[in-house]
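J.: Everything below, folded, please.
(chains A and B)
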Number of protein chains: 2
Amino acid sequence: MTQPFAYHLKATDGAARLGEVVTPRGIIRTPAFMPVGTAATVKGMYPEQVRELGADIVLGNTYHLMLRPSAERIAELGGLHKFMRWPYPILTDSGGFQVMSLAALRKLNEKGVTFRSHIDGAYHEMSPERSVEIQGLLGSDIQMQLDECVRLPAAPEEVARALRLSLRWAERSKKAFEAQPPGRALFGIVQGGDVPDLREESARGLVDIGFPGYSIGGLAVGEPQAVMLGMIEVVNAILPQDKPRYLMGVGTPDDIIEAVGRGVDMFDCVMPTRAGRHALAFTRFGKINLKNARHANDPRPLDEESDCPAARDYSRAYLHHLIRCDEMLGSMLLTWVNLAYYQTLMAGIRAAIAEGRFEAHKAEVKEGWARGDIPAR
Amino acid sequence: MTQPFAYHLKATDGAARLGEVVTPRGIIRTPAFMPVGTAATVKGMYPEQVRELGADIVLGNTYHLMLRPSAERIAELGGLHKFMRWPYPILTDSGGFQVMSLAALRKLNEKGVTFRSHIDGAYHEMSPERSVEIQGLLGSDIQMQLDECVRLPAAPEEVARALRLSLRWAERSKKAFEAQPPGRALFGIVQGGDVPDLREESARGLVDIGFPGYSIGGLAVGEPQAVMLGMIEVVNAILPQDKPRYLMGVGTPDDIIEAVGRGVDMFDCVMPTRAGRHALAFTRFGKINLKNARHANDPRPLDEESDCPAARDYSRAYLHHLIRCDEMLGSMLLTWVNLAYYQTLMAGIRAAIAEGRFEAHKAEVKEGWARGDIPAR
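T.: Numbers count the residues shown, from 1 in each chain, chains lettered A, B, ... in the order given. All right, here's what the predicted structure looks like:
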């Protein structure tokens, strides 16, 4: 019998939650950070490395995969897990966010959205049903409903229109999802911009429809952190305690630790991988820009106490050199450093919640970032 | 006491030689292929991976390293081995070849060559003495004399002028090299273009000066393979049996196996790494271009019998997808495949010489390349 999808809340500390999302492909320890594997690869990393860092799940982008190599091709080849050699859980987005941010000639109506590929201009149709179908072909363990995410700032009427459309699409998505094999989950997505009443309306509407997990979308799109955290509080007061909550596309280590303190369980963000390709290292001392000439002669590693070989064994001078020369190894090492740091951050958060000292831990972590990098000898 | 540099000839099979180059940092099993680590990194590979493939030595490019981050900076940081985390033998070229092919405003005279950096236009001087000094600062185990390599085709008088200048530079290089710590070696470089008499003159001149090893330069620069192999035969008839012979910048698997059959011991080439970044895989079935659309739906790995995870575990369809999407992992995996293949090729060659069946082995290997790729089911 297939292991059914489930969420187990194991401990709370204030609003922070320690839990497990159980899927047929494995357990996701929450709060969890999901590395982003846009085009079926976490950029610059071998899949085994991603796993060794402690990632229980990665994210794939439906929009990119439907264009290249296509969902049908991946299905023929045995699904996304086999294709990218990641036999553990995979979460996919609906594709809607990237359609609205990357594709050309978008036209949205009640039925769905039509667009042209940003790669070859080919015409595509995306509906709630087609998004779920694509995610099913990929074999995704945790799928997302198609929603409409409006850019902020936006007029409240526009935000309301989009969230109500998203609610109708949530129902259609749930219906379409019934065709899929057991063990998988479809999450509804809370929208509502920066308007508390609309966030409430969205969350209540989704809970009425009923989903095995809930995503919080449309945040970290340029609004101040305080606004984002306020919206999370409003939404999490409504979402059921016995279901996982996923804050989409977030974020900085600070965003993550603050959102955990408000009851969020799952995160994804391109930040650690993208920053790694742009000379930026995340460490317990805060961010370090290896492009800076002050590193050119610094024999110290990024963090001699790190478990990550990339952070512990390579000198800053060498990392600086690789970046100056635009060498692949520079991106490979800093991506590794950053994903390791994010997973270490999550492991520390989980341990602190288990011990009932989340707030103290949060203060310590922030103190490390604020203290900044150890000066060179 | 520092282990002195030495070459031990262990077996011969026709002109093919099985041997060991002994250095304080380790033994180099010959015939050996040296992966190229131009800017203190074998592009797209972690140093541990390069080692695990069976590389006993890597090559660093003096020209690139003197410009970025500079020999003095690397020396301050503890030398090239420490800088790039490769504690095993390193061979460096003199920088002369890249000065002549990459730098701007080159001026060459008896003293040496002046040029401007192709990166920032900075003015530099390079002489036989300075080249040896730079290689010493890097801490190179096997260093090259500065020479002048003329492009082919060239008039015999021009080839003669360059080889005689190179011989005078060889003497100056040897003198300058005396200042270096024990255990290191300086190789003289045979020039003479495609003119047998001039190749002989060059080889005899160098042997008269006396070096612990000899390089054969100025080949694989566009001439037919038969011309290259002819020059190798001329030169190796003169070079002493008890010293290693290094064919610079060569080459394809076929060039290597043919040159081994004519008594060459050491090789380096950017081919496996560069081809890996351009969708080309070297396998026992010959070259496979993963850009080709016929791979798009092929679930088979490149070579299911390979020991290399990149060749054995990833589908051709996935490799094709990564290349189409210009994903870093595509270059990483194909570089890995190619360096693994080159090291496997050398290991097979060494085993065959030891067993006295080099010619039969060569025929088998070539049969595999000629048979071509296994057709898709």
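
J.: What residues sit buried inside stretch A:217-234?
T.: A:217-221, A:223, A:225, A:228-232, A:234 (16 or more other C-beta atoms under 10 Å in any protein chain shown). All C-beta atoms are positioned from the backbone trio N, CA, C, and that covers glycine.

J.: which parts of chain A sit against chain B?
T.: Contact residues (C-beta under 8 Å from any C-beta of the partner chain) of chain A with chain B: A:39-41, A:43-46, A:64, A:68-69, A:73, A:76-78, A:83-85, A:296-297, A:299, A:313-315, A:317-318, A:320-322, A:324-325, A:327-329, A:331-332.

J.: Strands of the stretch 201-350 of chain A, residue ranges please.
T.: Remark: strands assigned in the stretch 201-350 of chain A by DSSP state E, counting those that start in this stretch are A:214-216, A:245-247, A:266-269, A:280-283, A:286-289.

J.: same question, the stretch 51-200 of chain A
T.: Using DSSP E, counting those that start in this stretch, strands in the stretch 51-200 of chain A cover A:58-60, A:90-92, A:104-108, A:113-116, A:123-126, A:142-144, A:185-190.

J.: and the spatially most central residue of chain A, what does it touch?
T.: When C-alpha atoms, centre = their mean is applied to chain A, the residue found nearest the centroid is residue A:268 (1.3 Å). By C-beta atoms under 8 Å, 6 or more residues apart in numbering or on different chains, the contact set of residue A:268 is A:33-36, A:59, A:91, A:246, A:248-250.

J.: Please determine how far it is located from residue A:358.
T.: The span separating residue A:268 from residue A:358 equals 21 Å under the rule C-beta to C-beta, to the nearest Å.

J.: just residue A:65 next, same as before
T.: 36 Å.

J.: Please apply the same query to residue A:343.
T.: Distance, residue A:343 to residue A:358, by C-beta to C-beta: 18 Å.

J.: Residue A:89: neighbouring residues, count only.
T.: Number of residues near residue A:89 (other C-beta atoms under 10 Å in any protein chain shown) recorded here: 26.

J.: residue in the stretch 101-250 of chain A nearest to chain B?
T.: Nearest residue of the stretch 101-250 of chain A to chain B (C-beta to the nearest C-beta) works out as residue A:119 at 9.1 Å.

J.: Give me the nearest residue to that residue, chain neighbours excluded.
T.: residue A:67 (5.6 Å; C-beta to C-beta, 6 or more residues apart in numbering or on different chains).

J.: What is the burial count for that neighbour?
T.: 22.

J.: For it, give me its contacts.
T.: Per C-beta under 8 Å, 6+ apart, neighbours of residue A:67: A:117, A:119-120, A:122, A:124.

J.: ok, now how distant is it from residue B:95?
T.: For residue A:67, the distance to residue B:95 (C-beta to C-beta) stands at 46 Å.

J.: Do a quick rundown of the helices in the stretch 251-377 of chain A.
T.: Secondary structure of the stretch 251-377 of chain A by DSSP state H, counting those that start in this stretch: the helices cover A:253-260, A:271-276, A:309-312, A:316-324, A:328-354, A:358-371.

J.: Nearest approach to residue A:3 belongs to which of the ones you listed?
T.: Comparison of those against residue A:3 by C-beta to C-beta identifies helix A:328-354 as nearest, at 21.6 Å.

J.: And that closest one, how far out from the chain middle?
T.: 14 Å (C-alpha atoms, centre = their mean, to the nearest Å).

J.: How about it, which residues are buried there?
T.: A:328-346, A:348-350, A:352-353.

J.: same thing with stretch A:350-366?
T.: Neighbour count says stretch A:350-366 has A:350, A:352-353, A:358, A:361-362, A:365 buried, by 16+ other C-beta under 10 Å.
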